[in-house]
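Asks: my questions are about this predicted structure, shown below with the sequence.
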Amino acid sequence: QVQLVESGGGLVQAGGSLRLSCAASGRTFSNYAMGWFRQVPGKEREFVAAISRSGSNTYYTDSVKGRFTISRDNAKNTVALQMDSLKPEDTAVYYCAARPQWAAMTNDYNYWGQGTQVTVSS
């Protein structure tokens with residue numbers, strides 16, 4: 001089992017920045033590719049970004065390219081999502097997730113955190 005706990009959400013004005021963090025425990029963190037997802041009430045969960053086990057590969061959905069950056073620190077068992085130039089449409093609950101194998105864009109993750117709310121005001 002892998003336990004994931006997100007933090008760093010909050011309320012920010014459009015154009016501002018937030019940094020989400022996800023702390024992992026339970027298994028060897030570097031054995032898992034990590035992803036960030038988001039969900040708005042009434043809509044399906046949406047892929048945002050992913051990073052490979054070593055951090056050498058990353059992938060982003062088109063709507064966040066150039067604004068969001070995913071990174072990881074395998075020594076600290078954490079993955080982060082730096083979100084800049086935020087827009088009201090980025091408002092959602094953000095989740096981190098883990099899967100054993102790298103995949104650029106998939107919703108098929110084995111472990112999920114509980115989510116953290118991000119609200120961007122206009």
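Replies: Sure thing, it's come through.

Asks: can you map out the strands along this protein?
Replies: For the chain, the strands defined by DSSP state E cover 3-7, 10-13, 18-25, 33-39, 46-51, 58-60, 68-73, 78-83, 92-99, 111-112, 116-121.

Asks: would you format those strands as TSV with mean neighbour count and distance to M105 included?
Replies: To be clear about C-beta, it is placed using only N, CA and C from the backbone, and glycine gets the same treatment. Output for the strands of the chain, formatted as TSV (neighbours: other CB atoms under 10 Å; distance: least, CB to CB, whole Å):
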stretch	mean neighbour count	distance to M105
strand 3-7	17	19
strand 10-13	13	26
strand 18-25	19	19
strand 33-39	24	9
strand 46-51	22	6
strand 58-60	17	6
strand 68-73	18	13
strand 78-83	22	16
strand 92-99	23	12
strand 111-112	17	17
strand 116-121	17	21
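
Asks: in TSV, list the ones you listed along with mean pLDDT.
Replies: Formatted as TSV, the strands of the chain follow (pLDDT from 0 to 100):
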stretch	mean pLDDT
strand 3-7	98
strand 10-13	98
strand 18-25	97
strand 33-39	98
strand 46-51	97
strand 58-60	97
strand 68-73	98
strand 78-83	98
strand 92-99	98
strand 111-112	97
strand 116-121	98
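
Asks: Y60 reaches M83, doesn't it?
Replies: No. When contacts are counted by CB atoms under 8 Å, Y60 is not listed as touching M83 (11.4 Å).

Asks: where do the contact lists of these two overlap?
Replies: Common contacts of Y60 and M83, defined by CB atoms under 8 Å, 6 or more residues apart in numbering, comprise F68.

Asks: ok, the residue in the chain sticking out farthest from the centre to E89 distance?
Replies: In the chain, S122 marks the outermost C-alpha relative to the chain mean, sitting 22.5 Å out by CA atoms, centre = their mean. Separation of S122 from E89 (CB to CB, to the nearest Å): 10 Å.

Asks: equivalent analysis for S30, please.
Replies: The span separating S30 from E89 equals 33 Å under the rule CB to CB.

Asks: ditto for W36
Replies: Remark: distance between W36 and E89 (CB to CB) = 16 Å.

Asks: ok, A98 next?
Replies: 26 Å.
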